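In: just coords:
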């Protein structure tokens, strides 16, 4: 039985299967459902967990080559939130695109 790190078996399974050319999306609620794409919904209540919580949990055992984020993230969040993302992705290239 796992006692540290990612404890969710579905997330562990997915992370083990992601390869060099795959894309992993961490999103908040409202992300479009695509029937041909595997989805693991770990939402509990509004904003729990946050995207940043999930990113911080997986980044220690997962190679992240690039991050894409919505431009609106910068405009709609307080500086402390954008600073938290900057600290979490230190050294990982990020591109901001229209939502």
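Out: It's in. Note that this is a predicted model, so its numbers are computed, not measured. Numbering: from 1, shown residues only.

In: show me where the protein has helices.
Out: 9-17, 51-58, 71-76, 79-88 (DSSP state H).

In: what packs against the last one?
Out: The one in question is helix 79-88. Using 3 or more C-beta pairs under 8 Å, 6 or more residues apart in numbering; DSSP states H and E, the elements in contact with helix 79-88 are helix 51-58, helix 71-76. In this view, the C-beta of every residue, glycine as well, is placed from N, C-alpha and C.

In: quick one: neighbours of residue 50, just the number.
Out: 13 (other C-beta atoms under 10 Å).

In: give me the phi and psi for it.
Out: The phi and psi torsions at residue 50 (degrees, to the nearest 10) take the values phi -80, psi 160.

In: confidence score at the residue nearest to it when sequence neighbours are not counted?
Out: Closest residue in space to residue 50, ignoring its immediate chain neighbours: residue 28 at 7.7 Å, by C-beta to C-beta, 6 or more residues apart in numbering. At residue 28, the model reports a pLDDT of 87.

In: contacts only, for residue 28.
Out: Residues near residue 28 by C-beta atoms under 8 Å, 6 or more residues apart in numbering: 47, 50, 51.

In: do you know how far residue 38 is from residue 11?
Out: Look at residue 38 and residue 11: by C-beta to C-beta, to the nearest Å, they are 11 Å apart.

In: residues contacting the residue nearest to the spatial centre of the chain?
Out: Among the residues of the chain, the one closest to the centroid is residue 26, at 3.2 Å (C-alpha atoms, centre = their mean). Contact partners of residue 26, counting by C-beta under 8 Å, 6+ apart, are 51, 54, 55, 58.

In: repeat that with 10 Å
Out: Residue 26 makes contact with 42, 49, 50, 51, 52, 53, 54, 55, 57, 58, 67, according to C-beta atoms under 10 Å, 6 or more residues apart in numbering.

In: repeat for residue 40
Out: Contacts of residue 40 (C-beta under 10 Å, 6+ apart): 8, 9, 10, 11, 13, 14.
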